[in-house]
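Chemist: What would the 3D arrangement of this be:
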Amino acid sequence: MTAPLPTIQYPISPSGHILPNIVHFGRLLRALGIPVTPAQMLDFVAALEIVDLRRREDVQESARAIFVSRHEHLALFDQAFALFWRARPTSQMPRIDLGNLLKKRPNAQEQYRLISRSAAESQPGSEDDEPFVDKLFTATDREVLRHKDFAQMSEYELAQVKEFMQEIPWQPPLRRSHRRRPNGRGDQLDLRRTFRHNLRYGGEALHLARRQRTTKRRRLVVICDISGSMDRYARVLLQFLYGLSHSLDQVEAFVFSTRLTRITRPLQRRSIDEAVEQAAKTVHDWAGGTRIGEAIRAFNYDWGRRVLGQGAVVLVISDGWDRGDPDQLDGEMARLHRSCHRLIWLNPLLGSPTYQPLTRGIQAALPHVDDFLPVHNLVSLEQLAQILAGKAGREHRLPQI
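Modeler: Okay, here's the model as predicted:
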């Protein structure tokens, strides 16, 4: 019979040290590659009010159940827990009033999230390294965040934007399918069903069966630029692609810098963090040069017939900075425009009031583009969703030539 595990002396005092330790522990798990969200940290705080803090194994099992979602992370988590959750002198711990923080429980209107300052803002061991508690965005804060440029956001704001992106309703335009379904008011007579249903009447056509074409959502194809000039927006745009892939049935995603890479399958993972991480590992030319014409040509010849059938909507996301041949881009964009139902160019630089489409790449592409739109903040994504659903006027999406 094995000896019981020794109990750990948790530094519980009127000043409260459990909460800052949870923040530091979450930071350690994220550094080791275990995804930890603020919501999980809140759940762990609630669990510590139920379990016996004097029993190390109970605390460890609670933390494992909350923080670990993949089998390969179990051993790493146990090592991190044994390393971090050990007794240490009180002088080494930051002070925070845990009692006052836990008096007010989170609710639908007001919640607290545990976050910590990044290492770039403070040195380890200094007073600035002390974790703090930040309130979730109010309605006014969210409105400000909707209009803020992705490139100017902090890591915490980008995490909030990731959640807001998943709330955008995506409704691509409809198309008429070749398949017909039974419909009493259909425009075509269904002779087979008519004969079969009237056999009971001796073959007399007393009841006429009709059918009509059904409608389906058009496929969405996204070709995103991840070159060096787009690096400030690339990871946010991958989160945008993840939201599209999980909101719609038929989405094909491609990224390019010096060459084209299909990332449709990596984006199918259930966790957004795992999907973005796996998609980033699939790409071997991240933040490289830009050859838009060659990338569009590779798409047209290798993937066009496979994914553009039945009138797909194509989104090209790029700032237009191109090191390739503008004549090649002009020809390939013309071919792409003929092959799809609608071609939309999304440019993050278009959100600036002083922007003008003067680069060779933009000048070559614009004549073949149906819509030329910004993609620099949440408002621009919401505008795109309205345009795809047919709820926005044409005057807001004319190409600026």
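
Chemist: Can you report phi and psi for the nearest residue to Ile344 once chain neighbours are set aside?
Modeler: The shortest distance from Ile344 to any non-neighbouring residue, by CB to CB, 6 or more residues apart in numbering, is to Asp371 (4.4 Å). Yep, even glycine has a C-beta here, placed from its N, CA and C like the rest. For Asp371, the backbone dihedrals are phi -140, psi 140 (criterion: degrees, to the nearest 10).

Chemist: host element of Val221?
Modeler: Using DSSP states H and E, Val221 sits in strand 220-225.

Chemist: Mind checking what secondary structure Leu315 has?
Modeler: The three-state label given to Leu315 by DSSP: H, G, I helix; E, B strand; the rest coil is strand.

Chemist: Next up, the contacts around it.
Modeler: By CB atoms under 8 Å, 6 or more residues apart in numbering, the contact list for Leu315 reads Leu220, Val221, Val222, Ile223, Ile344, Leu346.

Chemist: now it: how far from Val144?
Modeler: 27 Å (CB to CB, to the nearest Å).

Chemist: now Val316
Modeler: Counting by CB to CB - Val316 and Val144 are separated by 29 Å.

Chemist: Point out where the stretch 301-401 of the chain drops to low pLDDT.
Modeler: 392-401 (pLDDT under 70).

Chemist: what does the chain give?
Modeler: By pLDDT under 70, the low-scoring segments of the chain are 1-17, 86-140, 392-401.

Chemist: Now do the strands in it.
Modeler: 112-115, 132-135, 174-182, 188-189, 210-217, 220-225, 251-256, 260-262, 313-317, 342-347, 371-374 (DSSP state E).

Chemist: any chance of those in JSON lines, plus distance to Leu158?
Modeler: Compiled in JSON lines, the strands of the chain are given as follows (distance: least, CB to CB, whole Å):
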{"stretch": "strand 112-115", "distance to Leu158": "12"}
{"stretch": "strand 132-135", "distance to Leu158": "14"}
{"stretch": "strand 174-182", "distance to Leu158": "33"}
{"stretch": "strand 188-189", "distance to Leu158": "52"}
{"stretch": "strand 210-217", "distance to Leu158": "29"}
{"stretch": "strand 220-225", "distance to Leu158": "17"}
{"stretch": "strand 251-256", "distance to Leu158": "19"}
{"stretch": "strand 260-262", "distance to Leu158": "23"}
{"stretch": "strand 313-317", "distance to Leu158": "17"}
{"stretch": "strand 342-347", "distance to Leu158": "18"}
{"stretch": "strand 371-374", "distance to Leu158": "18"}
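
Chemist: The strand holding Val221 pairs with which strands?
Modeler: strand 251-256 (parallel), strand 313-317 (parallel) (DSSP bridges).

Chemist: ok, Arg305 to His337 distance?
Modeler: In terms of CB to CB, Arg305 sits 16 Å off from His337.
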